[in-house]
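Enquirer: only geometry, no sequence info:
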């Protein structure tokens, strides 16, 4: 299958125009390694490309969750922004003559893995995507499309984490036994240690993000000179 370079550039240009911080493209052929429920074809037949969109959490307040105690409805500010970006890109893709589908979170695609497959960045020891410009301070969302976009080169190893264990040593939950992330340790700790901003709004633990040296501008400048 021939990939459309011209269309790919048009999509990238449009993403920059509407203010999307990160965009990458992953070939759907790489998703055979995942369970069927987590494959693009499960959402849209004929899918050729997974589009990964990223939002920079330049202020941690953007990662706040709000739950209305009376109605039980919950809202996440960063996700609302990402969903809007997805809808804009979906409409743009449709104008180019291709179908696309915004991927739900559940069962969804593995977003960090998708970003790595798109060549956006590696998954670090903190079990988070590490991007060149924003470190791990990003939130992701994805679409799958029939458009044959030019895809990035998958990244399997982190060049940033080789001799660094700061995130592991900084974790207040000790959620990295034997150096590997354990969700069953992390999640209960995060839920029981929410940072409450108000009666209805809270922020989850983000120490693994904030402690990552590559999230800090000063460190990136040093790293880039090596």
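Expert: Cool, got the structure. This is a predicted model, so every value here is computed, not measured. Numbering: from 1, shown residues only.
Enquirer: in the protein, which helix has the most residues?
Expert: Secondary structure of the chain per DSSP state H: the longest helix is helix 77-95.
Enquirer: pull out the buried positions in that one.
Expert: Neighbour-count burial for helix 77-95 flags 77, 78, 79, 81, 82, 85, 86, 88, 89, 90, 92, 93 (criterion: 16 or more other CB atoms under 10 Å). Quick note: C-beta positions are derived from backbone N, CA and C, even for glycine.
Enquirer: which other helices and strands contact that helix?
Expert: helix 5-17, strand 49-56, strand 100-102, strand 138-145 (3 or more CB pairs under 8 Å, 6 or more residues apart in numbering; DSSP states H and E).
Enquirer: and the ones you listed as JSON lines, adding distance to residue 31?
Expert: Output for these, formatted as JSON lines (distance: least, CB to CB, whole Å):
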{"stretch": "helix 5-17", "distance to residue 31": "19"}
{"stretch": "strand 49-56", "distance to residue 31": "7"}
{"stretch": "strand 100-102", "distance to residue 31": "14"}
{"stretch": "strand 138-145", "distance to residue 31": "9"}
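Enquirer: any chance of CSV for those, columns mean pLDDT?
Expert: Output for the helices and strands packed on helix 77-95, formatted as CSV (pLDDT from 0 to 100):
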stretch, mean pLDDT
helix 5-17, 98
strand 49-56, 96
strand 100-102, 97
strand 138-145, 96
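Enquirer: okay, now the unreliable bits of this protein?
Expert: Along the chain, segments meeting pLDDT under 70 span 217-226.
Enquirer: which residues in it form strands?
Expert: Using DSSP state E, the strands of the chain run over 22-27, 49-56, 65-67, 74-76, 100-102, 138-145, 195-196, 201-203.
Enquirer: next, count neighbours for the closest residue in space to residue 94 that isn't next to it in sequence.
Expert: Leaving aside its sequence neighbours, residue 94 sits nearest to residue 100 (CB to CB, 6 or more residues apart in numbering; 7.1 Å). When neighbours are counted by other CB atoms under 10 Å, residue 100 registers 23.
Enquirer: residues near residue 178, how many?
Expert: Neighbours around residue 178, by other CB under 10 Å: 5.
Enquirer: quick one: it from residue 185, how far?
Expert: According to CB to CB, to the nearest Å, residue 178 and residue 185 sit 12 Å apart.
Enquirer: and if you look at residue 64?
Expert: Distance, residue 64 to residue 185, using CB to CB: 24 Å.
Enquirer: which strand residues bridge the most centrally placed residue in the chain?
Expert: The centroid of the chain falls nearest to residue 140 when counting by CA atoms, centre = their mean (2.9 Å). Counting by DSSP bridges, residue 140 is bridged to residue 54.
Enquirer: try residue 23
Expert: Under the criterion used (DSSP bridges), residue 23 bridges to residue 53.
Enquirer: OK, contacts around it?
Expert: Residues in contact with residue 23 (CB atoms under 8 Å, 6 or more residues apart in numbering) are 11, 12, 15, 51, 52, 53, 54.
Enquirer: any chance of the residues you listed in a markdown table, plus neighbour count?
Expert: Formatted as a markdown table, the contacts of residue 23 follow (neighbours: other CB atoms under 10 Å):
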| residue | neighbour count |
| --- | --- |
| 11 | 23 |
| 12 | 16 |
| 15 | 19 |
| 51 | 27 |
| 52 | 27 |
| 53 | 26 |
| 54 | 26 |
